[in-house]
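Peer 1: no FASTA, just this:
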């Protein structure tokens, strides 16, 4: 068995923290194993102005370069936030070798200094600016706070908070700008990873803002035929998180969503059963389609397929198609 493992990751503080956690777990599980972390500046990291769609969505912006290095044999494995991995397309030759136990999956509100939740509550948020780059979060915000102005806001987790605090405007690809933002919607897990959990002003209940499929799960991807690496990674795999990942990603596969689709999904395991809930919204948050089912925890893909097909039967395809770029 190899005594050295090269893992690729993004340069962001959050990605590095996640990869360092993987390295700690691997070296504890495999005595004598040396883990080398290889940092990549992905397209999504170097361009923090454009929306992600021109780069091929999150997959093209944050995942593609590191995946290519694994396929080329330059890396043994790659670390990804599972929610950044496209779920509606195959990547021949690669598999998820391990998932870490799931971090808190929910979304939270971070306020600019000087603002309070009362400011958001006034007149249902009229005149309040909330920044996000996620179409799912934007759709939910518009559904929950119809008067709020949602603005495009990019950057790594710590960078976004710094821009918020400084009152920086977000530059746009056309040379213009928006903002400054009064608040941001972010993943709780990301803030915790970069030591900014103390900035959380409000945590949205899962029933009010369903997370992105795979949110809070760290995945380690490797070559399908690299059995040595797969054996090593299996030693840190969390079976419950992996099952939830399979169920939620199966929904994405069935819906054939794309990077501009406001699709959400979350599963939890209780005993031998898994409960999976998923939703599809339109961009404005006006239309909302949801489905929830319970099934055997050891058959997550079947449950994901059933939930995805129920969403399609309720009209999800129309909303997804409507959100596709012209």
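Peer 2: The structure has been received and is ready for your questions. Source: prediction; values computed, not measured.
Peer 1: contacts, neighbours, all on C-alpha from now
Peer 2: Fine.
Peer 1: Strands along the stretch 101-250 of the chain, start to end?
Peer 2: With DSSP state E, counting those that start in this stretch as the criterion, the stretch 101-250 of the chain has strands at 107-111, 129-132, 149-152, 170-171, 177-178, 183-187, 200-203, 218-223.
Peer 1: which helices and strands sit right next to the longest one?
Peer 2: This points to strand 218-223. If contacts are counted by 3 or more CA pairs under 8 Å, 6 or more residues apart in numbering; DSSP states H and E, strand 218-223 sits against helix 64-71, strand 77-81, strand 94-99, helix 227-234.
Peer 1: got the angle for it vs strand 77-81?
Peer 2: Per axes from the mean of the first three to the mean of the last three CA atoms, to 10 degrees, the angle that strand 218-223 makes with strand 77-81 is 150 degrees.
Peer 1: Parallel or antiparallel, list what pairs with strand 218-223.
Peer 2: strand 77-81 (antiparallel), strand 94-99 (antiparallel) (DSSP bridges).
Peer 1: Which positions in the longest one come out as buried?
Peer 2: Buried residues in strand 94-99, counted by 16 or more other CA atoms under 10 Å: 94-99.
Peer 1: Quickly compare the strands of the stretch 101-250 of the chain and say which is most buried.
Peer 2: Mean neighbour count (mean count of other CA atoms under 10 Å) peaks for strand 218-223 among the strands of the stretch 101-250 of the chain, with a mean of 26.
Peer 1: now what about it, what contacts it?
Peer 2: Residues from elsewhere that reach strand 218-223 (CA atoms under 8 Å, 6 or more residues apart in numbering): 18, 70-71, 76-82, 93-102, 229-230, 233.
Peer 1: picking up where we left off before, out of the strands of the stretch 101-250 of the chain, flag the one nearest residue 211.
Peer 2: Closest approach to residue 211 among the strands of the stretch 101-250 of the chain (CA to CA): strand 107-111, 6.8 Å.
Peer 1: Run through who's touching that closest one.
Peer 2: With CA under 8 Å, 6+ apart as the test, strand 107-111 has contacts from 161, 164, 182-188, 199-204, 209, 211.
Peer 1: quick one, phi psi at the nearest residue to residue 280 once chain neighbours are set aside?
Peer 2: Spatial nearest neighbour of residue 280, excluding adjacent residues (CA to CA, 6 or more residues apart in numbering): residue 263 at 4.7 Å. Main-chain torsions, residue 263, degrees, to the nearest 10: phi -110, psi 140.
Peer 1: quick one, what contacts residue 263?
Peer 2: Shown in contact with residue 263 (CA under 8 Å, 6+ apart): 136, 212-213, 252, 257, 278-281.
Peer 1: about what we covered before: present the strands of the stretch 101-250 of the chain as JSON lines; the columns should include mean pLDDT.
Peer 2: Converted to JSON lines, the strands of the stretch 101-250 of the chain look like this (pLDDT from 0 to 100):
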{"stretch": "strand 107-111", "mean pLDDT": "98"}
{"stretch": "strand 129-132", "mean pLDDT": "95"}
{"stretch": "strand 149-152", "mean pLDDT": "94"}
{"stretch": "strand 170-171", "mean pLDDT": "90"}
{"stretch": "strand 177-178", "mean pLDDT": "92"}
{"stretch": "strand 183-187", "mean pLDDT": "96"}
{"stretch": "strand 200-203", "mean pLDDT": "97"}
{"stretch": "strand 218-223", "mean pLDDT": "96"}
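Peer 1: Using a markdown table, lay out those strands together with distance to residue 64.
Peer 2: Putting these into a markdown table (distance: least, CA to CA, whole Å) gives the following:
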| stretch | distance to residue 64 |
| --- | --- |
| strand 107-111 | 25 |
| strand 129-132 | 22 |
| strand 149-152 | 23 |
| strand 170-171 | 25 |
| strand 177-178 | 28 |
| strand 183-187 | 22 |
| strand 200-203 | 31 |
| strand 218-223 | 12 |
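Peer 1: Out of these, which gets nearest to residue 5?
Peer 2: With CA to CA as the measure, strand 218-223 is the member of those nearest residue 5 (11.0 Å).
Peer 1: Show me where the stretch 201-326 of the chain dips below the pLDDT cut-off.
Peer 2: 258-260, 325-326 (pLDDT under 70).
Peer 1: which residues of it fall in helices?
Peer 2: Ranges of helices in the stretch 201-326 of the chain, per DSSP state H, counting those that start in this stretch, are 227-234, 239-255, 300-313, 316-322.
Peer 1: want to throw these into TSV with mean neighbour count and distance to residue 272?
Peer 2: Compiled in TSV, the helices of the stretch 201-326 of the chain are given as follows (neighbours: other CA atoms under 10 Å; distance: least, CA to CA, whole Å):
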stretch	mean neighbour count	distance to residue 272
helix 227-234	17	22
helix 239-255	24	11
helix 300-313	22	11
helix 316-322	17	29
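Peer 1: I'd like those written out as CSV, with distance to residue 193 added.
Peer 2: As requested, the helices of the stretch 201-326 of the chain are exported to CSV (distance: least, CA to CA, whole Å):
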stretch, distance to residue 193
helix 227-234, 21
helix 239-255, 18
helix 300-313, 28
helix 316-322, 32
